[in-house]
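Trainee: Got a sequence here, can you model it:
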Amino acid sequence: MTRERPKLILVHEPEKACFDRLVGDGHTRERAAEIASYLAQSTDIAPDFDALADACLKRGLSFAPVELDAAASVLAGEHPGTALVWTLTDGIAYFRGGAAPALARLGGFKTIGADDSLFALCQDKFRSGAVLGALGLPVPPAGLARNGKWLVEPPASAAGWFVKPNRLGAKIGIWPDSRSLDLGHALELSRRVFLAYGDDVVVQPYVAGRNVRASFLGVAPGAGVEALGVAFVDSGADFQTMADSLALYGETGEAAKAAGNYAEPELVAVSESQPVADARIRAIAARLMEGLGLRDVFSIDLRVEADDTVHLIEFEVCPGLPCFDFRAYCRSQWDLELADAMAETAATRLF
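Mentor: Numbering: from 1, shown residues only. Have a look, this model is predicted:
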């Protein structure tokens, strides 16, 4: 009897499926398109599927990309001993990818990534901030507002506040005026976010510094913070807006490339100019891995000041694998293109 080849199953929620569902739930088409754009990595990774299949085959695996709505039926037909589930897109509110690792656990499948409880935690910025603070990590404290009313008042801040959606999936501020110099304006932003997206907002003291992305993929078994890629992400802007995000990823990003308007932020290793900050970021990552359970694949967003003060902004259990920064990380840290890095990671878990 021929033994079934081990299989990597990549579960993802497509932009269009999300868009159609959001429109059906009453969102305007414009807002639904903006919300669904957070799933652009499903769009951006599709051209890599053939390369992923080839890279898996070279390592004795088969590869199956599976859309989220088909995940339950596909997993029902697989054997837990020969299949590995990798969830590409997360979400607990506007997106539903957090169901995939839960389905995998229900079926007894091995998984790449954190357990499903962290998929829920990282998508609620207010709750995750409370947990990160309890772990002693340098996360800015936060207030929470809904449609112009405080649920939790934010702390005082001489530098003003930063206002961002609570569950919409990213650290972005949506609009250029998301840095607020008074709390009345912060409440007005909460009304705008609620009207447009139906979400609460997190209101944190504004922290200065350069934006940093720390990326991790455990290609080699037992890899630790030494395998973390820590880079300044310099776009020329203080923070990313919805418009900035749309210009980089998914169908809008492809259109920007075709029109010659696409410009990737510059990536510069933090260790080159601020080795103390680099060491502090690796210590934060170690604490997240030990105390929170991050593993296999994740990213961390931070702000770093010139005096090496580090502010932890958020963590992600489903980093944008096909994004320019993660591809660059795979090349610099592992000397592999994305498809080979993913296939190698899966092979080390299945054999």
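
Trainee: Looks to me like A343 is in a strand.
Mentor: No - counting by DSSP: H, G, I helix; E, B strand; the rest coil, A343 is not found in a strand; it is helix.

Trainee: For it, which non-adjacent residue is spatially closest?
Mentor: A55 (3.6 Å; Cβ to Cβ, 6 or more residues apart in numbering). Heads up, the C-betas are built off the backbone N, CA and C, glycines and all.

Trainee: and if you look at A156?
Mentor: Here the residue nearest A156, using Cβ to Cβ, 6+ apart, is P205, at 7.9 Å.

Trainee: Equivalent analysis for L288, please.
Mentor: L294 (4.7 Å).

Trainee: Just the pLDDT at E78, thanks.
Mentor: pLDDT recorded at E78 is 96.

Trainee: Specify the local secondary structure of it.
Mentor: Criterion first, three-state DSSP; result for E78: coil.

Trainee: List the contacts of it.
Mentor: K7, I9, G107, F109 (Cβ atoms under 8 Å, 6 or more residues apart in numbering).

Trainee: any idea which element A346 lies in?
Mentor: Assessed by DSSP states H and E, A346 sits inside helix 338-350.

Trainee: List the buried residues of that helix.
Mentor: L338, A339, D340, A341, M342, A343, E344, T345, A346, A347, R349, L350 (16 or more other Cβ atoms under 10 Å).

Trainee: Which strands and helices lie in contact with that helix?
Mentor: strand 7-12, helix 49-58, strand 83-87, strand 110-112, strand 210-217, helix 324-334 (3 or more Cβ pairs under 8 Å, 6 or more residues apart in numbering; DSSP states H and E).

Trainee: so how far is it off the chain centroid?
Mentor: Here helix 338-350 is found 19 Å from its chain centre; the criterion is Cα atoms, centre = their mean, to the nearest Å.

Trainee: Give me the below-cutoff pLDDT ranges for the stretch 201-350 of the chain.
Mentor: In the prediction, the stretch 201-350 of the chain carries residues with pLDDT under 70 at positions 237-263.

Trainee: So Q204 lies in a strand, does it not?
Mentor: Yes - according to three-state DSSP, the state of Q204 is that of a strand.

Trainee: ok, now which ones touch it?
Mentor: So Q204 contacts G129, P140, P141, A142, G143, P154, W161, F162, K164 (Cβ under 8 Å, 6+ apart).

Trainee: Could you do H79 as well?
Mentor: Contacts of H79 (Cβ under 8 Å, 6+ apart): E4.

Trainee: For it, grab phi and psi.
Mentor: When read as degrees, to the nearest 10, the backbone of H79 gives phi -100, psi 130.

Trainee: distance of it from R5?
Mentor: H79 is 11 Å from R5, where distance means Cβ to Cβ, to the nearest Å.

Trainee: Check E316 too.
Mentor: 31 Å.

Trainee: between the two, which one's more packed in?
Mentor: Between E316 and R5, E316 has the larger neighbour count (other Cβ atoms under 10 Å), namely 22 against 12.

Trainee: Am I right that the residue nearest to A343 is in contact with L338?
Mentor: No - with contacts counted by Cβ atoms under 8 Å, A55 stays clear of L338, the gap being 9.2 Å.

Trainee: hmm, back to that, of the contacts of E78, grab the buried ones for ChimeraX.
Mentor: For the buried members of those, the matching ChimeraX selection, counting by 16+ other Cβ under 10 Å, is:
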select :7,9,109
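
Trainee: okay if I get the helices and strands packed on helix 338-350 as JSON lines plus distance to E226?
Mentor: Below are the helices and strands packed on helix 338-350 laid out as JSON lines (distance: least, Cβ to Cβ, whole Å):
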{"stretch": "strand 7-12", "distance to E226": "25"}
{"stretch": "helix 49-58", "distance to E226": "24"}
{"stretch": "strand 83-87", "distance to E226": "23"}
{"stretch": "strand 110-112", "distance to E226": "20"}
{"stretch": "strand 210-217", "distance to E226": "10"}
{"stretch": "helix 324-334", "distance to E226": "9"}
